[in-house]
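In: Show me the folded form of this:
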Amino acid sequence: MVATLRQVSFFSHLEDRHIVEIFKMSRLRQFERGEVVIPEGVYDSFVYILLTGEVEVRKNGASISRLHTTGDIFGELAIINYEPRSASVVAMTLTSCLAIDAAFLDTLLPHDRDTIYAVVYKLFAEIVANRLRATSNELAAVREENFELRLKLAKYQR
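Out: As a prediction, this is how the structure comes out:
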């Protein structure tokens, strides 16, 4: 199991003993198509690693993203800022995830805590940065489209 988990970016920089400890604090969860993995607005301390299947991220019921690659991580924002879930995540197919209770960070020995915090939060920062970059690109495209539509509308109103 350690060798398999090591292939997931979340675990790739951790020592085997840390992977085993995190796995002990985790649950393998399976979700049916249409089942809510994370409901928007709830508080919890789980981060999810997609093992199989596909999930859709929804904000106020609108689809904003889909994740389908083994190792995709979701649910990290609630761990970073200790706020309620900002979006729902729904299984689009039969989906398996490793649900990691981030409370494991509080159970670590002091000499391990700083190292694992650094690795975990670096990974979370990379995920958030990549998603922010994609969102910025999408926002720029929507603004350009909006501008062009306003020009067309102004021409038709004359």
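In: Now do the phi/psi pair for I116.
Out: When read as degrees, to the nearest 10, the backbone of I116 gives phi -70, psi -40.
In: Over to G53?
Out: phi 100, psi -160.
In: And the next helix or strand past the helix or strand containing L77?
Out: Using DSSP states H and E, L77 sits in helix 76-81. The C-terminal neighbour of helix 76-81 among helices and strands, as given by DSSP H and E, is strand 88-91.
In: hang on, the earlier thing: can you give me the mean pLDDT across the helix holding L77?
Out: Average pLDDT, helix 76-81: 82.
In: can you pull the buried residues of it?
Out: For helix 76-81, a neighbour-count test (16 or more other CB atoms under 10 Å) marks E76, L77, A78, I79 as buried. Bear in mind the C-beta positions are built from the backbone N, C-alpha and C, glycine included.
In: Output that helix as CSV, nothing but the C-alphas.
Out: The C-alpha trace of helix 76-81 is given here as CSV (Å, rounded to 0.1, in the frame of the first residue of the first chain):
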residue,chain,number,x,y,z
GLU,A,76,-8.0,21.3,0.8
LEU,A,77,-9.4,24.8,1.1
ALA,A,78,-11.4,24.0,4.2
ILE,A,79,-8.2,22.7,5.8
ILE,A,80,-6.2,25.8,4.9
ASN,A,81,-8.6,28.4,6.1
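In: and that helix, what does it pack onto?
Out: In terms of contacts (3 or more CB pairs under 8 Å, 6 or more residues apart in numbering; DSSP states H and E), helix 76-81 is packed against helix 110-157.
In: Which pLDDT value belongs to the closest residue in space to L98 that isn't next to it in sequence?
Out: In this structure, L98 finds its nearest non-sequential neighbour in I49, 4.4 Å apart by CB to CB, 6 or more residues apart in numbering. If you check I49, the pLDDT there is 91.
In: Same question for the one 10 residues further on.
Out: According to the per-residue confidence, K59 scores 93 in pLDDT.
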